[in-house]
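A.B. asks: Need coordinates for the following:
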Amino acid sequence: MLEEERRRYFGHFDEYLDRVKESPRWLAESKVAKIVAEAIKYQDGKQYVLNAFCVLPNHVHMIIDVQRSSASLYKILQKLKSYTAIQANKILHRSGAFWHHESYDHVVRDGSEFERIVWYILQNPVKAGLCKTWEDWKWSYIKPEYGCIAKQ
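C.D. replies: Have a look, this model is predicted:
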């Protein structure tokens, strides 16, 4: 019951992010999105195992496996956010906070939930009206061995 409520809350929040036009949309800037995407990929195999991600105009989704990492999820995200904020602010000729101070995280409990979340992440730019198919979105990634999930 609590898990269902959490999922509903996240769904409503994510739909809001897809619709809102007033919030900063710095990630819509191609150079900024590229910095974020490359930073996420760079840590793959070092701090975590990267399974999928999607950079949208005002938020990012990613599925990472941190089971074998010596760093906590908090530290991993803090490092990623810090680096990308500094680089993005340089590109945008601005200073100050770039990312929201907190993140929404969720533990994936089984294979079917994993598939559902990967599919959700890949379809997010389509649902937001940013492209016709997930393959059209430049700032998405799925680990090759999970390509079968993307073909649903």
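A.B. asks: Quick check: Arg116 vs Ser103, distance?
C.D. replies: Relative to Ser103, Arg116 is positioned 20 Å away (C-beta to C-beta, to the nearest Å). Where C-beta positions appear, they are placed from N, C-alpha and C, glycine not excepted.
A.B. asks: What of Lys132?
C.D. replies: 29 Å.
A.B. asks: Go through this protein and flag its longest helix.
C.D. replies: Assignment by DSSP state H gives helix 73-92 as the longest helix of the chain.
A.B. asks: residue nearest the centroid of the chain?
C.D. replies: Geometric centre of the chain, nearest residue: His61, 1.9 Å, by C-alpha atoms, centre = their mean.
A.B. asks: And the pLDDT for it?
C.D. replies: For His61, the model assigns a pLDDT of 95.
A.B. asks: My guess is it contacts Ile121. True?
C.D. replies: Yes - His61 lies in contact with Ile121 (C-beta atoms under 8 Å); the separation is 4.3 Å.
A.B. asks: overlap in contacts of these two?
C.D. replies: 52-54 (C-beta atoms under 8 Å, 6 or more residues apart in numbering).
A.B. asks: Just the helices from the protein, written as ranges.
C.D. replies: Under the criterion DSSP H, the chain contains helices at 2-19, 30-42, 73-92, 111-127, 147-150.
A.B. asks: So, low pLDDT: which residues of this structure?
C.D. replies: Applying pLDDT under 70 to the chain flags residues 1-22, 147-152.
A.B. asks: Tell me which of Lys132 and Ser103 has more neighbours.
C.D. replies: Shown here are Lys132 and Ser103; by other C-beta atoms under 10 Å, Ser103 has more neighbours (15 against 10).
A.B. asks: Angles on the backbone of that one, please.
C.D. replies: phi -130, psi 160 (degrees, to the nearest 10).
A.B. asks: State the distance from it to Gln78.
C.D. replies: Taking C-beta to C-beta, one finds Ser103 at 9 Å from Gln78.
A.B. asks: Over to Ala28?
C.D. replies: Computed as C-beta to C-beta, the Ala28 to Gln78 distance reads 24 Å.
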